[in-house]
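Enquirer: sequence? don't have it. structure:
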């Protein structure tokens, strides 16, 4: 089913309003989810709406958070999200980072006591719009085992860097630090397909191609898949995200990060508060004139696009380019939503007493 | 052959003095190389000394650089390294970052017109000593192909994050963004072994296990090895390093980065000046009290060390831990140097008229 952006946006705002969010927060939270759908990152858009609602029902999401700076210097800050939606806490934090960067060249904010923040790219792009370099990451429910372990110790812990360009779209590196995202396993489960070796291991730590392995005590593998191919690097990146987001902010980290799914209870002995994020911004003109940077970004992009292709039909993909194309296509033609998600959303509408999607 | 640290240090300083470096620069450059050898990163220690000398002979390294800040804000700066040794340019830049961080909470420095800077960890550790989080990266000679390409477009572009801990050694994530470092191929070449699939491709872009493939027009693969296992993420990380180090600073980037080996000429149409680095520091107490952070880092480390092991004889390795152990062992018992390197260094000594190593 294809849904026009505005229909989906209004629907999503209505749900957040019913949760008790303010008008401004409902609008912002919907904007973050919609950007994921527009950019083709369907796993992080409105498909997650029921998940947020379930956490709210469990009182694990506070719809009216008092988001506060609890510690700061001219260019750093720690924010307590008061158990609010990450979808509103992270943009608040990014505004603080942007304001500091505007004044001092850069700004960096660690966030604790938050929840799932949607796509990292949304927050990093807030910097790009101001000719800054954006940076956003978050820790997440433990699903990934470190190299040599079969225990779920880390989330898929995404990191995002976003760089403005000139005549081309911004370069946006927005990636889970695991070999494959959980969403890819879910697709294989639905279609009854096996997954490639190197994505997941069973509970004993043996490679498996069974997409259901995660549900039977298995774990995802870090980027690199095995030690020989650099899984210790994927583990190191994921650890970096966990330390900046969790340890630095005073949030939970590692296996203590509260699960996104409402049917799993958070740890009864937490090491911090909620989940953690880390965002930042640096002014491009803190380093060189913006126009010089942008014209060199254009050269960079053109040179990489024209790199010799192994297969002439598949050129090098600039990070962020496919999402940019999806955005313009979906802005114009609407957003495809799979039937299962449409049904979920309509059930949600009935439950909360808002108009159904269709 | 085992060489006592001080012997190797004096030898290395003598070589840099003969190149015309000042006493202070010779001492600093030797310190950077020695730390690599002490930490067991043999590929980036004195084994590289002949490489630096050859670049100096070609007048591509300036032994008396006038290292200058060419652009700055309170927390950002761009430095021109005046074609100096990266081994002295990067520590200069890190001092600028530390000074800014001391005053404003964080400091970020992009560097152009530099050369190979040794191990990224040296520079990041300068921050850890001051209870800051350290950050260091550099672009490098093109050897790595982006996903879908068979053209060498990127260096092994390492990134490093360093975090202070309490009773444990600092956590140091210091990694090439390729699946395997070139040094691992060289080891396989010397021993006549094949390498695993997923490290290197031949000039047509086919996987190969031939460790000599790089010399016959092949290329290294990004972390993730192939698209299915996330090589686009390794490419994205490498691109991030290239943009921050090269495009932001005004250095060369992508395939224009000047080669480290003196027998290859730099591009005659450069897009910037020399090679680029990017370093930064954030004060831990810009986010939370140092003791809180360190005690939580200790909990993080203990929890990860005790994660369930697939094989009881191989526990999870904390990033930076093996190098820390090597450091203390080699400080005490000396540094093993392979015969080929000893011979190289002694030939160098004869050529430059300094006492031989042994």
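Expert: Cool, the structure landed. Keep in mind it's a predicted model, so treat the numbers as computed, not measured.
Enquirer: which residues in the stretch 201-350 of chain A form helices?
Expert: Assigned by DSSP state H, counting those that start in this stretch, the helices in the stretch 201-350 of chain A fall at A:231-242, A:290-305, A:321-333, A:339-352.
Enquirer: pLDDT averaged over the first one - what is it?
Expert: Mean pLDDT, taken over the full extent of helix A:231-242, equals 98.
Enquirer: before we move on, what about stretch A:30-42?
Expert: On average, stretch A:30-42 scores 97.
Enquirer: how far does that stretch sit from the chain's center?
Expert: 11 Å (C-alpha atoms, centre = their mean, to the nearest Å).
Enquirer: now check it, is it near chain B?
Expert: No - for stretch A:30-42, no contact with chain B is found by C-beta under 8 Å from any C-beta of the partner chain; the gap never falls below 14.3 Å. C-beta here means a position set from N, CA and C on the backbone, and glycine is covered the same way.
Enquirer: Let me know the next secondary structure element after the host helix or strand of residue A:8.
Expert: Element membership for residue A:8, per DSSP states H and E: helix A:5-18. Once helix A:5-18 ends, the next helix or strand along the chain (criterion: DSSP H and E) is helix A:23-38.
Enquirer: can you pull the buried residues of that following helix?
Expert: Across helix A:23-38, burial judged by 16 or more other C-beta atoms under 10 Å in any protein chain shown covers A:25-38.
Enquirer: and of these, the nearest to chain B?
Expert: Using C-beta to the nearest C-beta, residue A:36 comes nearest to chain B of these, at 18.0 Å.
Enquirer: Enumerate every residue touching the closest one.
Expert: A:42-45, A:118-119, A:122 (C-beta atoms under 8 Å, 6 or more residues apart in numbering or on different chains).
Enquirer: Filter those residues down to the ones in strands?
Expert: In strands, judged by DSSP state E, none of those are found.
Enquirer: For the helix holding residue A:8, which helices and strands make contact with it?
Expert: helix A:23-38, helix A:49-57, helix A:339-352 (3 or more C-beta pairs under 8 Å, 6 or more residues apart in numbering or on different chains; DSSP states H and E).
Enquirer: ok, 10 Å please
Expert: helix A:23-38, helix A:49-57, helix A:321-333, strand A:335-336, helix A:339-352 (3 or more C-beta pairs under 10 Å, 6 or more residues apart in numbering or on different chains; DSSP states H and E).
Enquirer: For residue B:61, find the nearest of those.
Expert: In terms of C-beta to C-beta, the element of the helices and strands packed on helix A:5-18 nearest to residue B:61 is helix A:321-333, at 37.5 Å.
Enquirer: Run the chain-centre distance for the closest one.
Expert: Worked out by C-alpha atoms, centre = their mean, helix A:321-333 lies 18 Å from the chain centre.
Enquirer: same question for it, mean pLDDT?
Expert: Mean predicted confidence for helix A:321-333 is 97.
Enquirer: Now tell me what touches it from outside.
Expert: A:2-5, A:34-42, A:119, A:121, A:168-172, A:174, A:301, A:305, A:318, A:320, A:335-336 (C-beta atoms under 10 Å, 6 or more residues apart in numbering or on different chains).
Enquirer: Next, the angle helix A:23-38 makes with it.
Expert: 110 degrees (axes from the mean of the first three to the mean of the last three C-alpha atoms, to 10 degrees).
Enquirer: tilt between helix A:321-333 and helix A:290-305?
Expert: Going by the same axes, to 10 degrees, helix A:321-333 makes 100 degrees with helix A:290-305.
Enquirer: Could I get the buried residue list for helix A:321-333?
Expert: So helix A:321-333, judged by 16+ other C-beta under 10 Å, has buried residues A:321, A:323-324, A:326-327, A:330.
Enquirer: what's the angle from that helix to helix A:5-18?
Expert: Counting by the same axes, to 10 degrees, helix A:321-333 lies at 100 degrees to helix A:5-18.
Enquirer: what about stretch A:189-207 and chain B, touching?
Expert: Yes - interface with chain B: stretch A:189-207 contributes A:195-199, A:201, A:203-206 (C-beta under 10 Å from any C-beta of the partner chain).
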